[in-house]
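# Sharing a model that was predicted from the sequence below.
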Amino acid sequence: MGLKLKSIKREAWQDFQKETPFGSLFHRWEWQDILEIGFGVKVNRLGLFNDEGVLKGLLPLVERKMSLLKLAGSPLSGAATPHSGPLGPVLLDEFLSALEVYGAEKHIDYLELGLPEVRGKEVLEQNGYTVEELITLDLPIPQEEEALWSGLEVRCRNAIRKAEKSGVKVIEAQALEEWLEPYYQLSCGVYKRQEKDPPFSKEYFSALWQNLYPRGDLVVLLAQYEGKTIAGGIFPRDRNVGYYLDGVSDREYNKVVPNNLVQWEYLKRAQAMGITLYDMVGANIPSIAKFKKSFGSQERNYLYAYRNRTLAARLGRSVYVKHGETIKKFLKRS
């Protein structure tokens, strides 16, 4: 009969994850808590069981309603998760069959998947998914600071020196109250310039801190200049991998290039923490990709796939692609 997806308890989830060398921060139970608190979504923590009832894998499946449609994804767009998908030694076609059965049982209209690699594209397409290849940037972190510094492009090193000479200081937050308000205000400013609503709430930032910081899995850095916080970055980790989850800055202070110094200070901390790979999370906006590449990072492709399970979903997606920003503003007001 194949694999079946069923809800699973926290202890079984965490035991399975501890035993597998695969997965990432975005498969952790704590991450699902962050998504539920920060975005108001429902996360179904599902186990992949074989016919004998043996747990063979995990799937965090984020669910939310949009009008009359039920959307689900691992991850789901808009929930600040670059990739997720099934975790465990499971064949992709077997997993997709189990997911299709689950989708029919739960009346899911639309499914999304983000896989950290490019393997499986043909299998996804054969199962009715539209597949795109996206790009992130990985930076292997050497053990010696000298090698880390020499790996930066000249323009990057010059920007770091300029920030330091200008008097920019980078501090590491030690308490939520120390950084939440100034960081959130900077985030609002970034998106206001783009005439967009900020995607991250204070509840999301608080959930990040409360779920990851006590375990030593979160670094928040603030750049200060003349007594004012002008930039910052949020860097979670899982095992020996660090992530650039979010960054903000005040454009008025671009002349003292605080963002380069924030990244450099994180890289030194990541090195001291034993992190060997820094995933800079996303390279699909050219200007941002150029900035990230200046630190010596390398492109890596990964898969994004979606499937409209119903006619209503197919029509809904086509409308959303054309009028997404207007729809989001309307839903926010209603």
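That came through fine.

# Residue 4 and residue 71: what is the separation?
Computed as Cβ to Cβ, to the nearest Å, the residue 4 to residue 71 distance reads 22 Å. Heads up, the C-betas are built off the backbone N, CA and C, glycines and all.

# Of the two, give the one with the bigger neighbour count.
With neighbours defined as other Cβ atoms under 10 Å, residue 4 and residue 71 compare such that residue 71 has more, 22 against 16.

# Which residue, other than its chain neighbours, is closest to that one?
For residue 71, ignoring the flanking residues on the chain, the nearest one in space by Cβ to Cβ, 6 or more residues apart in numbering is residue 110 at 4.8 Å.

# residues contacting the residue lying closest to residue 98 once chain neighbours are set aside?
Nearest non-adjacent residue to residue 98, counting by Cβ to Cβ, 6+ apart: residue 3, 4.2 Å away. Residue 3 makes contacts with 48, 49, 50, 56, 57, 90, 94, 95, 97, 98, as judged by Cβ atoms under 8 Å, 6 or more residues apart in numbering.

# so residue 7 makes contact with residue 44?
Yes - using Cβ atoms under 8 Å, residue 7 makes contact with residue 44 at a distance of 6.7 Å.

# any idea whether residue 184 is helix, strand or coil?
The three-state assignment at residue 184 reads helix, by DSSP: H, G, I helix; E, B strand; the rest coil.

# who's in contact with it?
By Cβ under 8 Å, 6+ apart, the contact list for residue 184 reads 198, 200, 202, 205.

# And the residue nearest the centre of the chain?
The chain has residue 81 as the residue nearest its centroid, 3.0 Å off, counting by Cα atoms, centre = their mean.

# For it, pull up the helix or strand it's in.
Assigned by DSSP states H and E, residue 81 belongs to no helix or strand.

# Quick check: it touching residue 43?
No - with contact defined as Cβ under 8 Å, residue 81 does not count as touching residue 43 (10.2 Å).

# so what sits against both of these two?
When Cβ under 8 Å, 6+ apart defines a contact, the residues bordering residue 81 and residue 43 alike are 35, 62.

# Run through the helices of the chain in chain order.
When secondary structure is read from DSSP state H, the chain shows helices at 10-19, 29-39, 92-105, 121-126, 145-150, 154-166, 176-193, 202-212, 258-272, 286-293, 311-333.

# Which of the ones you listed sits closest to residue 305?
With Cβ to Cβ, the closest approach to residue 305 among the helices of the chain belongs to helix 121-126: 4.7 Å.

# Check residue 73 and give its pLDDT.
Model confidence at residue 73, given as pLDDT, is 97.

# Show me the shaky parts of the chain.
1, 319-334 (pLDDT under 70).

# Recalculate using a threshold of 90.
1-2, 18-23, 66-68, 89-91, 116-119, 191-199, 282-287, 312, 314-334 (pLDDT under 90).

# Show me it divided up by domain.
Listed by automatic domain parsing, the domain ranges of the chain are 4-134+303-333, 142-275.

# Surely residue 142 and residue 148 touch.
Yes - assessed by Cβ under 8 Å, residue 142 is found in contact with residue 148 at 5.6 Å.

# and the two? which has more neighbours close in?
Higher neighbour count among residue 142 and residue 148: residue 148, with 20 against 15, using other Cβ under 10 Å.

# hang on, isn't the more buried one packed against residue 271?
Yes - look at residue 148 against residue 271 with Cβ under 8 Å: they come within range, at 6.2 Å.
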